[in-house]
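Enquirer: let me see the structure of the following:
(one chain, ligands or ions: 1)
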Amino acid sequence: LESNKSETLVDGNLLVARALARAGVDYMFGVVGIPVTSLANRAVSLGIRFIAFHNEQSAGYAASAYGYLTGRPGVLLTVSGPGCVHGLAGLSNAAVNTWPMVMISGSCDQKDFGRGDFQELDQIAAVKPFVKFAAKVTDISEIPTHVFDVITHAISGRPGGCYLDLPSDVLHQTVSESEAAKLLAAAENSRTGQTIGKTIGSLEIENAVSLLRHADRPLIVFGKGSAFARAENELKKLVESTGIPFLPTPMGKGLLPDTHELAATAARSLAIGRCDVALVVGARLNWLLHFGEPPRWSKDVKFILVDISEEEIELRKPYLGLVGDARLIVGLINREIKDDPFCLGKSHPWVEAISKKAKENVSRMELQLAKDIVPFNFLTPMRIIRDAILAEGSPAPILVSEGANTMDVGRSVLVQTEPRTRLDAGTWGTMGVGLGYCIAAAVASPGRLVVAVEGDSGFGFSAMEVETVVRYQLPVVVVVFNNGGVYGGDRRNPEEIQGPYKDDPAPTSFVPDAAYHILIEAFGGKGYLVGTPEELKAALAESFSAKKPTVINVRIDPYAGAESGRLQHKN
Ligand code: ADP
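Expert: You can find the predicted model right below:
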């Protein structure tokens, strides 16, 4: 009793920090304030790096991308009410892209809830549409269990966002040191293992292999689920042993190099339009893959879908569905093939047709790219950036890309040679992810160069985070394609614009020639304004070798590019 009296006390903030550290959390992203500032400081003292942002939206995007890149949940810390609402951007991004993430928000005092307390919100209700699992801690004794639970849920099965609600009164409650140690140990011991979906039967693998073996025009499609599963070695083995052409989705790019001779990227329409069996690994048959339906796909194509989510397979009703981890399943397929190998070979008519079409399209594009057009269109600067990135060799820089035309053109011109080196607007086509993704990529792969190629509108969503990049001295080079607005300059027919505000700037346009390069200089970073190939080449060479926070403001012709980029049919 005597010794208990003199024992130091542990408050809720410290207990959360300890539980996070014990659960293996090494990074947190967020914005501090009432009631979570002490939590962030405690976490730092325990060796967790806290990356402090200006806005929870960017911090949330960072947390979601960190989860994708590392396979460990990215943790976002926010204040209550508005902080939680801003954080929903990141949480929903994790949900839609199926990336592991945990959002932890402070919330108002439990006894004052419903009476108009400071930043009061029913946060559990607010996060509900975007989470796999949410928990509210109502007493300090529940902290360790709930912390371990949210982390486990975020990574088990189909990854996604989870939420932990921490009322301010719980953060101020205390327990003794010995009680805290007991609670932590108990939570750790009862931690449940990761589930990896139902066990796949050998018959299903045999069927998949038989379909591929007997196909006339087989195709292997892979997406960011395969990237998350780190299935690159297994996919490479499958592609190279069978000689089957492959098509990556935008973020699947790099699992096998874009320059691989079996890459069907430059012959995409032919590949998906004519294939008779498509093995789709860790990619949804959603809008990005034209729902797997005619007219883009043949009506007779037989899909073999590999996905960790049984629900996803149920939804698509493929010819054959294999539920499980991409790396595991492709590994099993390889093992099955090994006993009775088959390979299409270069002279197979299907392989030849794809290779011929890809070469034609690449040479046509190269003719366009070779021109030095000033004022810049999108192609000339993109070629220069492509060459500068390729000249970096290995490890390849991580590319972050957003914007309409900038992202569309970048997707076909920029070359990915290594896995998980492309982060873009993703499944939701989300603009504003750029700076958050840059920061996540820089901390997920320390020392590696991160290059963002963004439209000026995409950049503007989170431009203030360049200060964050400077503050932590991250090796991030942001190239802004500045054409003065969303899609570029004012493209309206003046005769169609009426009313008292007809002389306002167009809803699509920003201040022309905005000096974005000066923005980063306000914080001590390096800025460049470029308008010619020589200036761009020099700025890239200097900034890639310096690996310091940089913004390169590239002046683009405001009338280059198209409204809605390549998605005009959705307008
Ligand atoms: P993309 O945008 O590249 O087409 P999607 O985000 O549409 O990719 O699809 C990714 C799919 O990968 C999701 O349906 C998700 O359930 C699945 N997935 C996530 N992790 C794994 C894994 N370890 N193994 C297999 N599939 C996975």
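Enquirer: from G273, how far out is P294?
Expert: With distances taken as Cβ to Cβ, to the nearest Å, P294 is found 9 Å from G273. Placement of C-beta: from N, CA and C, glycine included.
Enquirer: of these two, who's got more company?
Expert: Taking neighbours as other Cβ atoms under 10 Å, P294 and G273 compare with G273 leading, 15 against 12.
Enquirer: what about that one, which SS state?
Expert: For G273, the assignment made with DSSP: H, G, I helix; E, B strand; the rest coil gives helix.
Enquirer: list the contacts for it?
Expert: By Cβ atoms under 8 Å, 6 or more residues apart in numbering, G273 lies in contact with 295-298.
Enquirer: of these, grab the buried ones for PyMOL.
Expert: Buried subset of the contacts of G273, written as a PyMOL selection, criterion 16 or more other Cβ atoms under 10 Å:
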select buried, resi 297+298
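Enquirer: ok, which residues in this structure are in contact with the ligand?
Expert: With Cβ under 6 Å from any ligand atom as the criterion, the chain comes near the ligand at residues 97-98, 158-159, 223-225, 228-229, 249, 251-252, 282-284, 286, 288, 306-309, 312, 325-326, 427.
Enquirer: mind checking which of those are buried?
Expert: Using 16+ other Cβ under 10 Å as the burial test, the residues of the chain next to the ligand include 97-98, 158-159, 223-225, 228-229, 249, 251-252, 282-284, 306-309, 312, 325-326, 427 as buried.
Enquirer: okay, and which of the residues of the chain next to the ligand map to strands?
Expert: Per DSSP state E, strands hold the following members of the residues of the chain next to the ligand: 306-307.
Enquirer: now, the residues of the chain next to the ligand that are in helices?
Expert: Among the residues of the chain next to the ligand, DSSP state H puts 97, 224-225, 228, 312, 326 in helices.
Enquirer: want to throw the residues you listed into JSON lines with distance to N482 and pLDDT?
Expert: Below are these laid out as JSON lines (distance: Cβ to Cβ, whole Å; pLDDT from 0 to 100):
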{"residue": "N97", "distance to N482": "28", "pLDDT": "98"}
{"residue": "K224", "distance to N482": "29", "pLDDT": "98"}
{"residue": "G225", "distance to N482": "34", "pLDDT": "98"}
{"residue": "F228", "distance to N482": "33", "pLDDT": "98"}
{"residue": "E312", "distance to N482": "39", "pLDDT": "97"}
{"residue": "A326", "distance to N482": "39", "pLDDT": "98"}
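Enquirer: farthest pair in those?
Expert: N97 and A326 (15.3 Å; Cβ to Cβ).
Enquirer: ok, L399 - contacts?
Expert: The contact partners of L399, taken as Cβ under 8 Å, 6+ apart, are 389, 410, 414, 416, 421-423, 451-453.
Enquirer: likewise for R383?
Expert: 369-370, 413.
Enquirer: same question, L519
Expert: Residues near L519 by Cβ under 8 Å, 6+ apart: 463, 466, 527, 551.
Enquirer: just the buried subset of those, please.
Expert: Burial by neighbour count, judged by 16+ other Cβ under 10 Å, picks out 463, 466, 527, 551 from the contacts of L519.
Enquirer: I figured the third one hits P549, correct?
Expert: No. Using Cβ atoms under 8 Å, G527 is not in contact with P549; the gap is 9.7 Å.
Enquirer: list the residues that contact both of these two?
Expert: I520.
Enquirer: related to what we said a few turns ago, and the contacts of G273 as TSV, adding pLDDT?
Expert: Output for these, formatted as TSV (pLDDT from 0 to 100):
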residue	pLDDT
P295	97
R296	97
W297	98
S298	97
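Enquirer: can you lay out the contacts of G273 as TSV showing distance to K357 and secondary structure?
Expert: Formatted as TSV, those follow (distance: Cβ to Cβ, whole Å; DSSP: H, G, I helix; E, B strand; the rest coil):
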residue	distance to K357	secondary structure
P295	18	coil
R296	15	coil
W297	17	coil
S298	16	coil
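Enquirer: so which residue of this structure comes closest to the ligand?
Expert: Closest contact between the chain and the ligand, by Cβ to the nearest ligand atom, is at G225 (1.9 Å).
Enquirer: what ranges of the stretch 151-300 of the chain fall below the confidence cut-off?
Expert: In the predicted model of the stretch 151-300 of the chain, residues 192-199 satisfy pLDDT under 70.
Enquirer: need the strands for it, in chain order.
Expert: For the stretch 151-300 of the chain, the strands defined by DSSP state E, counting those that start in this stretch occupy 161-167, 174-176, 218-222, 246-248, 277-281.
Enquirer: direction included, what does the last one pair up with?
Expert: This points to strand 277-281. Applying DSSP bridges to the sheet, strand 277-281 is found paired with strand 218-222 (parallel), strand 302-307 (parallel).
Enquirer: same deal with the longest one?
Expert: According to DSSP bridges, strand 161-167 forms sheet pairs with strand 101-107 (parallel), strand 133-136 (parallel).
Enquirer: okay, those, which one's buried deepest?
Expert: A comparison of those by mean neighbour count, using mean count of other Cβ atoms under 10 Å, puts strand 101-107 on top with a mean of 31.
Enquirer: after that one, next one along is what?
Expert: Moving toward the C-terminus from strand 101-107, the next helix or strand (DSSP states H and E) is helix 123-127.
Enquirer: buried set for that following helix?
Expert: Using 16+ other Cβ under 10 Å as the test for burial, helix 123-127 gives 123, 126-127.
Enquirer: over to stretch 252-269?
Expert: Going by neighbour count (16+ other Cβ under 10 Å), the buried part of stretch 252-269 is 252-258, 260, 262-268.
Enquirer: point to the residue nearest the middle of the protein.
Expert: Against the mean C-alpha coordinate of the chain, by Cα atoms, centre = their mean, the closest residue is A65 at 4.4 Å.
Enquirer: and the angle from the host helix or strand of N334 to strand 302-307?
Expert: Per DSSP H and E, N334 falls inside helix 326-338. Put simply, helix 326-338 runs at 130 degrees to strand 302-307, going by axes from the mean of the first three to the mean of the last three Cα atoms, to 10 degrees.
Enquirer: how far off centre is helix 326-338?
Expert: Distance, stretch centre to chain centre, for helix 326-338: 26 Å (Cα atoms, centre = their mean, to the nearest Å).
Enquirer: show residues contacting it.
Expert: Counting by Cβ under 8 Å, 6+ apart, residues outside helix 326-338 touching it are 196, 200, 202, 205-206, 208-209, 212, 222, 225-226, 229-231, 234-235, 237-238, 241-242, 281-282, 306-308, 322.
Enquirer: what's downstream of that helix, the next helix or strand?
Expert: With DSSP H and E, the next secondary element past helix 326-338 is helix 349-370.
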